[in-house]
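1. Make a model of this:
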Amino acid sequence: MSGVLTESKSSGTRVSLPVFRSDFMADAHEASTDIRLQAAMDNSVTKRDMGRKTTLSELPDANALRELAGQIKRHTLDHLDYYLELLEANVKRQGGQVHFAADSQQANKLIVEIAKRTSSKLVVKSKSMVSEETELNDALTEAGIEPLETDLGEFILQVDHDHPTHLVMPVVHKNAGDIGRIFEKYFKTDYTDNAQVLAEMARVHLRNRFNEADLGVSGVNFAVAETGSIVVCCNEGNGRMCVSRPRIHVALMGMEKLIPALDDLPVFLKLLARSASGQSLTQYTSIVSGCRRPGEIDGPEEFHLIVMDNGRSRILAGEYRDTLRCIRCGACLNSCPIYRKVGGRTYGSVYPGPIGALLTPLFNGLEKHKHLPHASSLCGACFEACPVKIDIPKFLIMLRGDQVKAHITPWVERAIFKLWTVGLRFGWTYRFSQIAQRIGMRLLMDKQGWVKNLPPPVNGWTKQRDFPAPAKENFRRVYKRYRQNQKPSGRH
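-> So this is what the prediction gives:
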């Protein structure tokens with residue numbers, strides 16, 4: 001096996017994800033007041049979360065299945081070197097070629113070289129978050145090769161020069177009216193917001209381009225080490241066209257997408273679509289094993305599998321390795337009250353939502369994304385939704401701890417928490433802080449009994465909502481009186 005993965009692991013170099021917008025607080029404030037965005041999120045994200053709960057209840061024991069899926073992924077990560085070597089051997093046995101890329105630049109370079117060597121001018125792409133991570137489209141365009149997204153949502157974003165804001169539903173932040181205006185400009189046709197008409201316009205355009213394509217690029221939902229197969233799941237049929245119609249097929253995967261054996265696949269297929277969109281199964285599940293054989297009527301002449309590290313081995317070697325169990329279903333996004341409110345654009349990278357709040361700082365560094373570990377209510381909804389049981393809240397708390405250790409948090413915030421610690425340590429300091437808080441809040445409250453403007457640094461709360469005035473009696477006093485009333489009178 002190539003030594004690229006070992007070199008990347010030992011070097012410890014930090015790999016950067018593309019950052020689209022980085023001012024989380026400003027973007028979150030803007031998004032939380034965007035009525036159109038809120039309507040779009042409620043229409044799509046919330047429905048998918050309800051669908052997940054409904055379809056998972058159809059399984060005999062969904063919780064046990066999730067536990068099994070997590071164990072399989074953990075086992076694979078524990079023995080990743082073995083399974084990568086097994087995958088490579090079996091892909092080659094099937095007639096394919098395997099390339100190992102240390103980072104996104106090397107992965108893009110490999111694909112560009114394959115395209116140039118095979119004189120490919122048009123590259124059709126199925127949905128792939130890893131290609132978003134590497135910014136493959138920009139690399140192909142710079143090399144004079146035309147990339148074309150064939151997933152409807154990704155195609156809309158490509159022609160609008162935009163980026164995905166969801167792992168599964170990339171265009172969730174746009175409604176039919178937005179898409180109608182995009183297509184009006186791109187296709188130079190009359191405006192319409194009829195979803196069926198818009199979809200048909202894209203279908204006709206994309207289907208004709210498949211006939212011209214030389215090379216197809218797909219993502220990999222799962223790679224089966226035992227057989228050397230890759231699995232591509234989609235709902236539009238474009239994924240199957242990308243892997244079978246062009247004469248060259250390149251599959252791009254993060255190295256964590258492995259599962260050991262074909263017998264493990266049904267476990268994940270039962271969970272993936274249910275968790276992502278509330279379906280029992282995606283419309284198309286393609287298992288691709290190498291090149292076209294003699295006598296077969298479709299399939300590529302060449303098959304290339306690119307296994308990319310891009311910082312994953314560094315995460316694998318540390319205490320956050322369980323984050324690599326993620327199967328990119330987007331269930332944690334759909335269930336997250338923060339993501340529902342602010343959308344995916346605020347997270348600043350290709351991976352939004354709770355899992356993005358972990359992966360983006362782990363890839364790019366906490367100092368660049370100091371707000372993301374705090375973009376959570378720690379309600380546990382993401383953990384409850386995750387099909388492989390990644391304890392996202394626990395890891396977010398760990399990242400917050402890392403921020404404190406690295407002195408990334410502002411000194412004012414550190415000072416406040418130190419004072420808070422002192423206040424909670426002793427009984428007399430706790431009582432004193434209660435009295436001070438009650439007096440201060442009563443000085444700030446209005447005639448209706450609400451505090452509408454808290455002073456910095458806690459004024460962020462009252463920018464969005466009023467703060468209730470403290471109770472006239474605190475709990476300790478009420479409880480003391482209750483205890484006194486419960487004392488026996490001394491009679492027998």
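
2. Low-confidence bits of the stretch 351-492 of the chain, can you list those?
-> Within the stretch 351-492 of the chain, the ranges that satisfy pLDDT under 70 run 489-492.

3. repeat that for 90
-> Residues of the stretch 351-492 of the chain that meet the criterion pLDDT under 90 lie in 368, 404, 407-492.

4. And the residue nearest the centre of the chain, which helix or strand is it part of?
-> Nearest to the mean C-alpha position of the chain, counting by Cα atoms, centre = their mean, stands residue 351 at 4.1 Å. Residue 351 is part of no helix or strand when elements are defined by DSSP states H and E.

5. Could I get the pLDDT score of residue 13?
-> pLDDT, residue 13: 57.

6. picking that back up, spatially, what comes nearest to the residue nearest to the centre of the chain if we skip its sequence neighbours?
-> residue 359 (4.7 Å; Cβ to Cβ, 6 or more residues apart in numbering). To be clear about C-beta, it is placed using only N, CA and C from the backbone, and glycine gets the same treatment.

7. likewise residue 42?
-> Using Cβ to Cβ, 6+ apart and skipping residues adjacent in sequence, the residue nearest residue 42 is residue 340, 7.6 Å away.

8. residue boundaries of the strands in the stretch 301-450 of the chain?
-> With DSSP state E, counting those that start in this stretch, the ranges of strands along the stretch 301-450 of the chain come out as 302-308, 450-451.

9. closest to residue 20 out of the ones you listed?
-> Smallest distance to residue 20 across the strands of the stretch 301-450 of the chain (Cβ to Cβ): 20.1 Å, for strand 302-308.

10. Can you give the distance of the closest one from its chain's centre?
-> Here strand 302-308 is found 23 Å from its chain centre; the criterion is Cα atoms, centre = their mean, to the nearest Å.

11. Neighbouring strands - and their directions - for that strand?
-> Strand partners for strand 302-308, identified by DSSP bridges, are recorded as strand 97-101 (parallel), strand 248-254 (parallel).

12. Determine how far the last one lies from the middle of the whole chain.
-> Between the centre of strand 248-254 and the centre of its host chain there is 20 Å, according to Cα atoms, centre = their mean.

13. which element follows that strand toward the C-terminus?
-> Using DSSP H and E, the helix or strand that follows strand 248-254 in sequence is strand 258-259.

14. care to break this structure down by domain?
-> Here the domain assignment for the chain is 4-13+53-314, 411-485, based on automatic domain parsing.

15. For the helix or strand where residue 485 lies, buried residues please.
-> Assessed by DSSP H and E, residue 485 sits inside helix 475-486. Neighbour-count burial for helix 475-486, counted by 16 or more other Cβ atoms under 10 Å, picks out no residue.

16. The residue nearest to the centre of the chain contacts residue 360, doesn't it?
-> Yes - because the distance of 5.8 Å satisfies Cβ atoms under 8 Å, residue 351 is recorded as touching residue 360.

17. so what sits against both of the two?
-> Common neighbours of residue 351 and residue 360 are listed as residue 17 (criterion: Cβ atoms under 8 Å, 6 or more residues apart in numbering).

18. any idea what sits nearest residue 169, other than its immediate chain neighbours?
-> In space, residue 169 is closest to residue 44, 5.9 Å off (Cβ to Cβ, 6+ apart).

19. where does that neighbour land on pLDDT?
-> Looking at residue 44, its pLDDT reads 88.

20. which outside residues touch the helix or strand hosting it?
-> Here residue 44, judged by DSSP H and E, is contained in helix 35-56. Residues from elsewhere that reach helix 35-56 (Cβ under 8 Å, 6+ apart): 31, 62, 166, 168-169, 172-175, 274-280, 330-331, 333-335, 339-341, 343, 385.

21. How about stretch 59-71?
-> The contact list for stretch 59-71, computed with Cβ under 8 Å, 6+ apart, reads 56, 267-268, 270-271, 274, 325, 327, 386-390.

22. Out of the residues you listed, the closest to residue 366 would be?
-> Nearest to residue 366 among the contacts of stretch 59-71: residue 390, at 18.8 Å, using Cβ to Cβ.

23. which residues touch that closest one?
-> Shown in contact with residue 390 (Cβ under 8 Å, 6+ apart): 70, 322, 323, 325, 326, 355, 383.

24. Residue 445 versus the residue nearest to residue 450 when sequence neighbours are not counted, what's the distance?
-> Of all residues beyond its chain neighbours, the one nearest residue 450 is residue 466 (4.2 Å), with distances taken as Cβ to Cβ, 6+ apart. To residue 445, residue 466 is 9 Å away according to Cβ to Cβ, to the nearest Å.

25. Could you tell me which residues touch both of the two?
-> In contact with both residue 466 and residue 445: residue 451, using Cβ under 8 Å, 6+ apart.

26. re the thing from before, mind checking which of the strands paired with strand 302-308 is nearest residue 190?
-> The nearest among the strands paired with strand 302-308, by Cβ to Cβ, is strand 248-254 at 37.4 Å.

27. Contacts for that closest one, please.
-> By Cβ under 8 Å, 6+ apart, strand 248-254 touches 107, 111, 114-115, 118, 120, 128, 130-131, 133-134, 136, 214-220, 223, 230, 232, 242-243, 288, 299-308, 310, 312.
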